[in-house]
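1. Got a predicted structure plus its sequence, pasted below:
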Amino acid sequence: MILLDAPYYLNYSLFAAAFLLLLFGYKRWWQKKVLSTTQPDNKLRALMLERLAPEQSKVRPVVKFSLLFVAIILLFVALANPKIGTQLGTVKREGVDIVFAIDVSKSMLAEDIAPNRMEKAKRIVSETLNQLTGDRVGMITYAATAFPQLPITTDYGAAKMFLRGVNTDMMSSQGTAINEAVKLASTFYDQQGVTSKVLVLLSDGEDHSESGIDTAASIAEEASIYIVSIALGTPEGAPIPENIGGRGITFKKDSEGNVVISKRNDTSLKMLADQTKGTFIDSADTELAISELKAFLDRLDKTAFETQTYSAYKDQFQWFIGAALLLLFIDTSLLERKSKSLIWRVKKWRK
């Protein structure tokens, strides 16, 4: 497995390559232009060039540029510092299993908290991931149904990558069924293990399923899952933005033409947290919400578990620097003139 310490240097190498190619192309064009102004006839020009610069090679300038070009690209690759993981090892970690369940129903677009409920939820998850160390994480999204996004893993980078793609267009069926999210989350954990199981439910608390909250609480209690309910939105609520046919932003309306106001439902979220011995968190203050979540996770018993990961990563930049220096040495040693032995043989052949 190969890792790059600073992959952005590879982007810089593309600009360097383009610049060098343009510079070399301009030089060749300029040389041809100068020759064409002094002698327009191609055969006569070649004859004059042969007489004026008999030792000038046509191939070596191209070879010298190619060596310089490759050497500079190799130096940029060296700056990126490639590393190779030479063995797959087992690493022992200690932590809890956390599944983030993110509500992606259209009500999450309400802007009663800035910039909207959805973006606030994603920010809380992202910054929480930054503070985790040995815990395993998973991710699901839900609306009328629940959909798995990321199975339990210690790869926080992968979690952030999937998090960036979360949006309210992921589900064709709208509505909110919290019990579906809890039911799916219960399948993520190791049923034979003793690791503490935590479900972080990020929602505005609206639930459109019959007896959904009671069912969700029962499922969580049976599976020994702590539910941390993070409430998004405000009790006063806000209209739900929507764009119909690209005619600009409008707001969702009911069957009678009245604008629908989506309000945060603390009652259902608090009940889930209380019945599962979890905790209820108000997301109004993002930093405080993350701090409360981290404090709850720190109070739980940590369990040691094993995970496989590539180890023994070794820096490989020195090989690229060595190759670049060798090419630069050859480039500086190689003259643009033909070798004398070659000229002598050509002259002898002509005689």
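-> Sure, I can see it.
2. Name the nearest residue to Phe320, sequence neighbours excluded.
-> Ala78 (3.9 Å; C-beta to C-beta, 6 or more residues apart in numbering). Every residue, glycine included, has its C-beta placed from N, CA and C.
3. what about whichever strand or helix holds that neighbour, average pLDDT?
-> Take DSSP states H and E as the rule and Ala78 turns out to sit in helix 60-80. The average pLDDT within helix 60-80 is 85.
4. remind me, longest helix of the chain?
-> helix 8-38 (DSSP state H).
5. okay, the angle between it and helix 60-80?
-> Orientation check (axes from the mean of the first three to the mean of the last three C-alpha atoms, to 10 degrees): helix 8-38 against helix 60-80 gives 160 degrees.
6. The residue nearest to Phe320: how many residues sit nearby?
-> Here the count is done by other C-beta atoms under 10 Å, and Ala78 has 20 residues near it.
7. wait, it sits on Asp315?
-> No: counting by C-beta atoms under 8 Å, Asp315 is not a contact partner of Ala78; they are 9.7 Å apart.
8. and Leu272, what does it touch?
-> Contacts were defined as C-beta atoms under 8 Å, 6 or more residues apart in numbering; by that measure Leu272 touches 178, 201, 213, 216-217, 220, 227, 229, 278.
9. now Val228
-> Val228 touches 198-201, 273, 278-279, 281, 293, 296, counting by C-beta under 8 Å, 6+ apart.
10. Tell me how far Met251 lies from Thr332.
-> For residue 251 the amino acid is Phe, not Met. 70 Å (C-beta to C-beta, to the nearest Å).
11. Where does pLDDT dip in the chain?
-> Along the chain, the parts satisfying pLDDT under 70 run over 1, 31, 34-58, 85-93, 172-175, 193, 208-211, 244-248, 305-313, 334-351.
12. Could you chop it up by domain?
-> 2-81+316-350, 90-303 (automatic domain parsing).
13. What angle do helix 60-80 and the strand or helix carrying Trp319 make with each other?
-> Using DSSP H and E, Trp319 sits in helix 317-333. Counting by the same axes, to 10 degrees, helix 317-333 lies at 160 degrees to helix 60-80.
14. Point out the other helices and strands that the longest helix of the chain packs with.
-> Counting contacts by 3 or more C-beta pairs under 8 Å, 6 or more residues apart in numbering; DSSP states H and E, helix 8-38 packs against helix 42-52, helix 60-80.
15. re earlier: tell me the most buried of the domains of the chain?
-> Of all those, domain 90-303 carries the top mean neighbour count, a mean of 18, counting by mean count of other C-beta atoms under 10 Å.
16. Off-centre distance for that one?
-> 21 Å (C-alpha atoms, centre = their mean, to the nearest Å).
17. How about exporting the helix or strand harbouring Phe100 as CSV, limited to the C-alpha atoms?
-> Using DSSP H and E, the element containing Phe100 is strand 97-103. What follows is strand 97-103, C-alpha atoms only, in CSV (Å, rounded to 0.1, in the frame of the first residue of the first chain):
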residue,chain,number,x,y,z
ASP,A,97,-18.5,1.5,18.9
ILE,A,98,-20.2,4.6,17.6
VAL,A,99,-22.8,4.8,14.8
PHE,A,100,-23.8,8.2,13.6
ALA,A,101,-27.4,8.2,12.3
ILE,A,102,-28.1,11.4,10.2
ASP,A,103,-31.6,12.5,9.4
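18. what element comes up after it heading to the C-terminus?
-> helix 117-131.
19. Mind listing residues that contact that following helix?
-> By C-beta under 8 Å, 6+ apart, helix 117-131 touches 100, 102-104, 107-110, 113-114, 137, 139, 156, 159-160, 163-164, 166-168, 200, 202, 204, 230, 232-233, 283, 286, 289-290, 293-294.
20. For the helix holding Trp319, name the packing helices and strands.
-> helix 60-80.
21. Could you look up the SS state of Glu221?
-> helix (DSSP: H, G, I helix; E, B strand; the rest coil).
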